[in-house]
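Colleague: Sharing a sequence plus its predicted fold:
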Amino acid sequence: AQSVTQLDSQVPVFEEAPVELRCNYSSSVSVYLFWYVQYPNQGLQLLLKYLSGSTLVKGINGFEAEFNKSQTSFHLRKPSVHISDTAEYFCAVSETGGFKTIFGAGTRLFVKA
Amino acid sequence: DGGITQSPKYLFRKEGQNVTLSCEQNLNHDAMYWYRQDPGQGLRLIYYSQIVNDFQKGDIAEGYSVSREKKESFPLTVTSAQKNPTAFYLCASSIGNMGQNYGYTFGSGTRLTVV
């Protein structure tokens, strides 16, 4: 069985500062990894995904994430955040060849002016 | 534009009442899912369907039922047996060919409140 741990429930940061949202996972098989963003009262939107190949994955809105197999991590980064990045971010894992996705509890990013 | 449509956006349920949440997709995706979201708990899987006329229970299926009579539609019924139904419900779909999950497309959600 897989599990996902998002290490921070809330991350406050000033506008134009860099940010890292941390995600660790556990699985006994190979996995696909995802980051989703949710704005208030909306559904989730796929930010980026790691399926195979390069461990550095670039997504929408200037976000990127790095897959580290030895540390079982998939941290999300952005070099300079905007007020509009304020949202909740979910890390997720899926067994390769599987239909089900397990989501972390979410990290609320709050960007301050 | 292709996407997933959930309706209604807000729904109020009286005690002992069954209610049905609609989910329609025009993405030609094979797999569809229902998740429940509660504050601070992330998303929990209720039911999922890989093909028409077939579906499987997720982690919290008790008190819920689904059907998949058409590829485009995956309605969720919250029955009176669900004792704590107040939550935000999200429908999602994925291509799902040969069991591969390349990421979900989500609807905008239905907020259900018991009154």
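Modeller: Nice, thanks for sending it over.
Colleague: From now on I want contacts and neighbour counts done on CA atoms only, so please keep to that.
Modeller: Noted.
Colleague: Report how many residues lie close to the closest residue to A:Ala113 other than its chain neighbours.
Modeller: Excluding its sequence neighbours, the residue lying closest to A:Ala113 (CA to CA, 6 or more residues apart in numbering or on different chains) is A:Glu15, at 5.4 Å. Here the number of neighbours of A:Glu15 (other CA atoms under 10 Å in any protein chain shown) works out to 17.
Colleague: How much space separates A:Glu15 from A:Pro79?
Modeller: Separation of A:Glu15 from A:Pro79 (CA to CA, to the nearest Å): 11 Å.
Colleague: Apart from its neighbours in sequence, what residue is nearest the residue nearest in space to the middle of chain B?
Modeller: Per CA atoms, centre = their mean, the C-alpha nearest to the average position across chain B is that of B:Trp34, at 2.7 Å. In space, and not counting its chain neighbours, B:Trp34 is closest to B:Cys91: 4.6 Å by CA to CA, 6+ apart.
Colleague: burial count for residue 60?
Modeller: Here I'm looking at chain A. Using other CA under 10 Å, the number of residues around A:Ile60 comes to 9.
Colleague: Chain B is the one I meant
Modeller: B:Ile60: 13 neighbours (other CA under 10 Å).
Colleague: Test my guess that it contacts B:Leu43.
Modeller: No - the pair B:Ile60 and B:Leu43 does not pass the contact test of CA atoms under 8 Å, sitting 10.7 Å apart.
Colleague: For the residue nearest to A:Ala113, give me its contacts.
Modeller: A:80-83, A:111-113 (CA atoms under 8 Å, 6 or more residues apart in numbering or on different chains).
Colleague: and if you look at B:Lys9?
Modeller: B:108-111.
Colleague: try it again with 6 Å
Modeller: Residues in contact with B:Lys9 (CA atoms under 6 Å, 6 or more residues apart in numbering or on different chains) are B:Thr110.
Colleague: thinking again about what came up before, mind checking the SS state of the residue nearest to the centre of chain B?
Modeller: strand (DSSP: H, G, I helix; E, B strand; the rest coil).
Colleague: Hmm, it is touching B:Ile46, no?
Modeller: Yes - contact criterion CA atoms under 6 Å: B:Trp34 and B:Ile46 qualify, at 5.5 Å.
Colleague: on that earlier part again, please name the bridge partners of the residue nearest to the centre of chain B.
Modeller: B:Tyr47, B:Cys91 (DSSP bridges).
Colleague: Inside strands: which ones of the contacts of A:Glu15?
Modeller: Among the contacts of A:Glu15, DSSP state E puts A:111-112 in strands.
Colleague: The contacts of A:Glu15, buried ones only, as a ChimeraX selection?
Modeller: To isolate in ChimeraX the members of these that are buried, counting by 16 or more other CA atoms under 10 Å in any protein chain shown, one can use:
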select /A:81,82,111
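Colleague: between the contacts of A:Glu15, which is nearest chain B?
Modeller: Distances from chain B to those, taken as CA to the nearest CA, are shortest for A:Val111 (19.3 Å).
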